[in-house]
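[1] Predicted model and sequence below, questions to follow.
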Amino acid sequence: MHFDIETVKTSIRRLGMFHPFFGITYLVCKKADLPIGRTIPFGINAAEEKFLREHYQPDLESKLYFQPFRTSSRTGRWLAEKYPYSGSQSTRTRGDFAQAFIHGKRTDRWGWTKTYVDVLRAKLETDKSGRIPAFWLAVWLYRETNWRESTSPVDVVNQFLSEFSITQEESDSLFSLAVPEIVSSVFSAEPYFDLRLLQTIGRAPDTKPEEGGTLKLLRLRGIGPCEPLEFEPADRLSIITGDNGLGKTFLLETAWWSLTGQWAERMAYPRLSPGQKTASISFQIAGPNNQGKPTTISFDWEAQRWPAPKGRPTIPGLIIYARVDGSFAVWDPVRHATVLGGDSNPALLFSSHDVMHGLEGRIEGLLRDWVRWQHSEPNVFATFKSVLQKLSPPDMMPLAPGEAQRLPNESRPIPTLLHSYGEVPFTNESAGVKRVVTLAYLIVWAWNEHNVYSAIARKQPQKHVVVLIDEMEAHLHPKWQRVILPALLDVTSILSKEIQPQMIVATHSPLVLASVETIFSDVTDKLLHLELANDSGVVTFKSVPFVPYGRIDRWLTSDLFELRQARSQLAERAIESARKVMEDKKPTREGIQGATQALIDASLPANDEFWARWTYFAEKHGVQL
């Protein structure tokens with residue numbers, strides 16, 4: 001069995017008040033059996049370097065060492081590669097700790113003074129840090145050890161005392177031997193790996209930014225519809241609902257900026273509350289092996305802008321943003337954040353016209369690429385056809401390309417789609433078909449471009465793709481709305497079996513929500529709702545339980561859409577008035593007749609289920625309808 005990851009994290013907290021000398025130099029000297037009252041030749045710098053590599057290098061891609069002890073360094077707890085020869089050397093030869101050693105200048109001879117224990121105890125008392133917790137120091141040193149099942153915390157402490165030859169005097173004066181009482185909270189059957197620890201403490205500063213990140217957190221202060229606003233997207237699917245004007249599109253825009261450092265169109269401007277002086281956007285991008293740390297950007301009032309984030313520890317994966325007006329934005333980590341691009345290289349922002357007809361130097365456009373793929377790039381075209389088939393509407397022929405045609409006043413062939421009644425040029429298709437086919441094209445185009453640039457850079461393609469979609473249901477028939485979102489979640493597997501998508505979708509449609517009832521998972525997905533409080537006018541944003549309502553009308557009358565009746569507004573008012581009459585302890589004939597006329601005026605159909613209840617109620621009180 002192994003130490004639980006939470007146990008290792010606790011060890012960092014418990015050791016945080018102690019000087020690193022006690023966890024490094026002291027233990028190195030004890031393990032070397034440094035004599036008392038005399039010196040021996042001892043290459044202490046090399047010994048410390050070896051010890052640090054064994055116990056203080058959780059990030060193997062880094063040359064730095066992580067120490068969980070007290071620090072005043074600007075670089076935090078990460079120690080430089082030369083630490084044994086500089087910082088530690090200075091600690092050993094100067095100040096309080098120097099009095100614990102016998103050491104000749106410019107020699108490699110070292111030994112303990114006869115009063116070294118008193119010197120070290122006095123240092124602990126001066127720092128007011130108390131005695132060193134032996135168990136928690138052992139947890140850090142032995143965090144990757146595979147222990148026998150019968151091991152107890154006392155056994156761990158005893159191994160530590162034995163390995164480092166801790167004397168009784170040292171144990172009594174310098175250490176606390178207290179151990180946790182509950183063994184089950186310390187150990188785990190799951191093997192421990194430092195990669196999991198790095199998800200909490202972050203990667204070393206000298207490592208390259210991890211690629212393939214997704215949005216973990218978005219926190220807004222002094223900006224947006226509510227104060228504060230905190231958004232923690234799910235790993236796979238986040239669905240955002242809410243009335244018009246409450247901030248769904250705003251959330252997608254700020255999510256895009258947090259991931260890319262660029263605004264898709266207009267910059268979000270602060271909206272400070274009374275007494276508030278600063279506005280900030282905080283975000284956290286999590287990589288496959290690194291949870292990342294939140295980055296906070298404050299609005300620059302003098303420059304009137306949000307400064308671009310610098311030195312991000314994690315670079316996002318491929319990002320595709322489908323906006324409600326038909327425009328798109330694409331950010332490729334290889335093209336925009338590596339040697340091929342750099343942070344200054346802007347993301348690709350395409351208007352609906354650009355997507356269709358192309359933008360010089362950026363994209364050929366759907367009309368040209370479709371025909372080119374069809375005739376000269378069979379692999380890409382096969383992927384495009386598979387994606388179209390997956391996204392096809394029900395009760396229609398699958399979306400399938402026909403042969404390109406020349407049309408009047410067109411200088412190039414125009415791609416077509418096959419319908420039961422013949423081939424239709426894409427430029428003549430309905431808005432709904434154009435919306436879905438364009439989305440399919442941008443996804444395939446962005447993935448293909450990513451593969452091309454990855455090959456140029458000699459890099460593996462990303463496994464994480466972030467897809468942002470505003471008003472998923474735009475232009476789509478209700479039948480199509482019931483299938484489009486599950487289909488989109490499956491599309492990425494057509495591009496690559498290894499892709500792990502993070503999808504953030506804003507919608508007004510109960511049909512879109514009903515479509516995911518059979519695939520929604522509380523583990524990987526979230527439903528979030530923006531709501532306006534009627535009494536205070538304050539907007540709230542929160543995660544809400546996903547309840548499978550089954551019928552679409554029940555979604556309409558749920559708290560997400562807040563319709564009292566799944567009927568016309570006039571019929572809703574008439575039924576609500578009739579219900580008030582039914583709740584009256586002594587309803588009058590005039591009241592019943594007036595409510596009946598209101599139902600008739602609202603054109604409530606004769607087969608509406610409410611008529612049966614109302615007719616029974618009226619006749620029970622002597623009114624024949």
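    Yep, it's here.
[2] Not counting sequence-adjacent ones, nearest residue to Trp445?
    Asp369 (6.4 Å; Cβ to Cβ, 6 or more residues apart in numbering). (Glycine included, C-beta is placed from N, CA and C.)
[3] can you pull the contacts of the one you found?
    Listed by Cβ atoms under 8 Å, 6 or more residues apart in numbering, the contact set of Asp369 reads Ile363, Tyr441, Trp445.
[4] Which pLDDT value goes with it?
    pLDDT for Asp369: 96.
[5] List the buried residues for the helix or strand where it lies?
    Assigned by DSSP states H and E, Asp369 falls within helix 366-376. Along helix 366-376, the positions that meet the burial threshold by neighbour count (16 or more other Cβ atoms under 10 Å) are Leu366, Leu367, Arg368, Asp369, Trp370, Val371, Trp373, Gln374.
[6] Identify the residue nearest the geometric centre of the protein.
    For the chain, the residue nearest the mean C-alpha position is Lys216 (2.1 Å; Cα atoms, centre = their mean).
[7] re the thing from before, among the contacts of Asp369, which lie within strands?
    Judged by DSSP state E, these include no members of strands.
[8] quick check, nearest of those residues to Lys30?
    Trp445 (62.7 Å; Cβ to Cβ).
[9] My guess is the closest one contacts Gly365. True?
    No. The pair Trp445 / Gly365 is not scored as a contact, 9.4 Å apart, by Cβ atoms under 8 Å.
[10] Looking at those two, which is more packed in?
    A count of neighbours by other Cβ atoms under 10 Å puts Trp445 above the other of Trp445 and Gly365, at 25 against 18.
[11] Next one: the more buried one from Phe384, what distance?
    Going from Trp445 to Phe384 by Cβ to Cβ, to the nearest Å gives 9 Å.
[12] Kindly report the same for Phe283.
    Shown here: Phe283 relative to Phe384, a distance of 33 Å by Cβ to Cβ.
[13] now do Tyr616
    59 Å.
[14] circling back: can you name the next helix or strand after the helix holding Asp369?
    Next along the chain after helix 366-376, with elements defined by DSSP H and E, is helix 378-390.
[15] Confirm Asp206 sits in a strand?
    No. Going by DSSP: H, G, I helix; E, B strand; the rest coil, the assignment for Asp206 is coil, not a strand.
[16] When Tyr616 and Phe384 are compared, which one has more neighbours?
    Phe384 (24 against 10).
[17] How about the more buried one, nearest residue that isn't a chain neighbour?
    Closest residue to Phe384 apart from its sequence neighbours, by Cβ to Cβ, 6+ apart: Val444 at 4.8 Å.
[18] quick one: contacts for the one you found?
    Val444 sits next to Val380, Thr383, Phe384, Val387, Leu495 when contact means Cβ under 8 Å, 6+ apart.
[19] Does the first one touch Trp373 like I think?
    Yes. Counting by Cβ under 8 Å, Val380 sits close enough to Trp373 to count as a contact (4.8 Å).
[20] hmm, back to that, pretty sure the residue nearest to the centre of the chain sits in a strand.
    Yes. Judged by three-state DSSP, Lys216 forms part of a strand.
[21] Now for it: which residues touch it?
    For Lys216, the contacting residues are Glu232, Pro233, Gln284, Ile285, Ala286, Gln291, Gly292, by Cβ under 8 Å, 6+ apart.
[22] Show me which residues of the worst-scoring helix or strand of the chain on mean pLDDT are buried.
    When each helix and strand of the chain is scored by mean pLDDT, DSSP states H and E, strand 314-316 comes last, with a mean of 81. Neighbour counts over strand 314-316 (16+ other Cβ under 10 Å) mark Thr314, Ile315, Pro316 as buried.
[23] What mean pLDDT does the very next helix or strand once past it get?
    Downstream of strand 314-316, the next assigned helix or strand under DSSP H and E is strand 318-322. For strand 318-322, mean pLDDT is 94.
[24] With stretch 451-459 instead?
    Across stretch 451-459, pLDDT averages out at 89.
[25] for it, which positions count as buried?
    Asn451, Tyr453, Ser454, Lys459.
[26] Just those: which are in helices?
    Asn451, Tyr453, Ser454 (DSSP state H).
[27] out of these, who's nearest Gln597?
    Nearest to Gln597 among those is Asn451, at 67.5 Å by Cβ to Cβ.
[28] Quick check: closest non-adjacent residue to the closest one.
    Excluding the flanking residues, the one nearest Asn451 by Cβ to Cβ, 6+ apart is Pro461, at 5.3 Å.
[29] Which helix or strand contains the one you found?
    Pro461 belongs to no helix or strand, assigned by DSSP H and E.
[30] give the contact list for it.
    Counting by Cβ under 8 Å, 6+ apart, Pro461 has contacts His450, Asn451, Ser454, Ser496.
[31] Could you dump these into a markdown table with distance to Lys434 added?
    Listed next are those as a markdown table, based on distance: Cβ to Cβ, whole Å:
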| residue | distance to Lys434 |
| --- | --- |
| His450 | 24 |
| Asn451 | 26 |
| Ser454 | 30 |
| Ser496 | 26 |
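[32] Secondary structure class of Thr492, three-state.
    Assignment for Thr492 (three-state DSSP): helix.
[33] right, and it touches Val465 too?
    Yes. Between Thr492 and Val465 there is a contact under Cβ under 8 Å: 6.0 Å.
[34] Give me the common contacts of those two.
    Common contacts of Thr492 and Val465, defined by Cβ under 8 Å, 6+ apart, comprise Ile499, Gln500, Pro501.
[35] okay if I get those as CSV plus secondary structure and distance to Glu517?
    Below are the shared contacts of Thr492 and Val465 laid out as CSV (DSSP: H, G, I helix; E, B strand; the rest coil; distance: Cβ to Cβ, whole Å):
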residue, secondary structure, distance to Glu517
Ile499, coil, 24
Gln500, strand, 23
Pro501, strand, 19
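[36] Gly37: which of those is nearest?
    For the shared contacts of Thr492 and Val465, the nearest to Gly37 is Gln500 (62.0 Å; Cβ to Cβ).
[37] Tell me the pLDDT of the closest one.
    Note on Gln500: pLDDT of 89.
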